[in-house]
Structures are given as C-alpha cells and as structure tokens.
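[1] A structural model of the following input is requested.
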Amino acid sequence: MRIKQVGNKADIVLAVVRSGETGGKMIRAGMPVVMANFGVLGLDVVTASTASLTTVTDGALAGIATADLAPGQYGEVVVYGFCKNLALVGPTRANSTSPWPSWAGGNMMNCPLIPDTAFNGFYLGANATTRGMVYPVFGLGAVPSQPTLPSNPLITDLQTFVPCQGFVRIL
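    Take a look at the predicted model:
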C-alpha cells in the first residue's frame, strides 16, 4: 500500500494488485476491479464480468485501476481519494459498423457511481439516500457531452467510456 501526500496536491491511497484476467483480456485504466477468488488471494483482481457478479458489493470492490493491466501484470488501484480517470460507461451501439450515438452531458456532483458488471465501467446511480446504501465511489463535476460520431473500421468495441472524476473511499 502506498500513500501519496505531496504538498498542495490531492492525497490518495493506492494498493498493489496483479491482473488475474486471462486470454489477453485487459483491465483498462479507470475500471473498477474486484478481488479474484482464485490465483494469489489478496493480490489478484479481475473485472466484475470475469468474477461473474450480478452486483458488486462494497466488500468485493478492490479499487480503481490507475493504468491498463495485461493478464499477470502488476499495477496499482486507488482505494481512497480523488480519482481523475473513472471509466463511466457511455453510449453503446448495436454492431461495430453502426455510428456512435450522442451522449448528453450533465452535472454528476455527489452522484453515486455503481460498478457495471456488463461493460466493466461505472454507471450513474440513484440518490444514495433513497437507495439505502453507502456507495464507495462518487462522481465529481460535470460529464462532457458527445455528438453522434461516425463508425470507425479500426474500432470494433460496442461501448465507449466517458472519462469522469470522482472520489473513492473503499479503504
């Protein structure tokens, strides 16, 4: 575990992890990761879809990846503090040749961010007080809008991630 404290910069707490993904599946920067129940316990993390979770509970969430991690690669996850690269699940499309739909931006100040178990990013949650839960990740600031974009033959993904900022309090 590493605690970063530098003068007038935002303090964060990071934990060392290893990607437990297989078959070339990458963990992307900004994705939430969960503890793996195989491999090196307490060190290996995987995406929520790999862990076959229908919901990610506070106890399963291990942190937010700070960089892309290939299978077996070591890296760090944010477990507490300001995080400037959360992966918010953006527009999806029907197939790889369809154009990307537009995305309406907006304010997400103090909006809970819920780990998405299909696309392995975050989605905007309901008001935390009405859901009766304490959320470990909150959005800060605004999400930029995106116009409709044409299809690109080099990009075959069916979803996009919109970068956003937030506060993480898993620790």
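[2] in the chain, what residue sits furthest out from the centroid?
    Gly7 (27.3 Å; CA atoms, centre = their mean).
[3] which residues sit in contact with it?
    Contact analysis of Gly7 by CB atoms under 8 Å, 6 or more residues apart in numbering lists nothing. For glycine as for every other residue, the C-beta is placed from the backbone atoms N, C-alpha and C.
[4] any idea of the pLDDT on it?
    Per-residue confidence (pLDDT) for Gly7: 77.
[5] any regions of this structure where pLDDT drops low?
    52-59, 91-94, 96, 100-107, 109, 125-135, 144-159 (pLDDT under 70).
[6] need the contact partners of stretch 72-82.
    With CB under 8 Å, 6+ apart, stretch 72-82 has contacts from 1-2, 4, 10-19, 27, 33, 45, 62-67, 69, 140, 165-171.
[7] for PyMOL, write the selection for the buried entries among those residues.
    To isolate the buried ones among these in PyMOL, judged by 16 or more other CB atoms under 10 Å, type:
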select buried, resi 12+13+14+15+17+18+19+27+33+45+62+63+64+65+66+69+140+165+166+167+168+170
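[8] from the contacts of stretch 72-82, which land in helices?
    The members of these all map outside helices under DSSP state H.
[9] buried residues, the longest strand along the chain. List them.
    For the chain, the longest strand by residue count, based on DSSP state E, is strand 74-92. Buried positions in strand 74-92, judged by neighbour count with 16+ other CB under 10 Å: 75-81, 83, 85-91.
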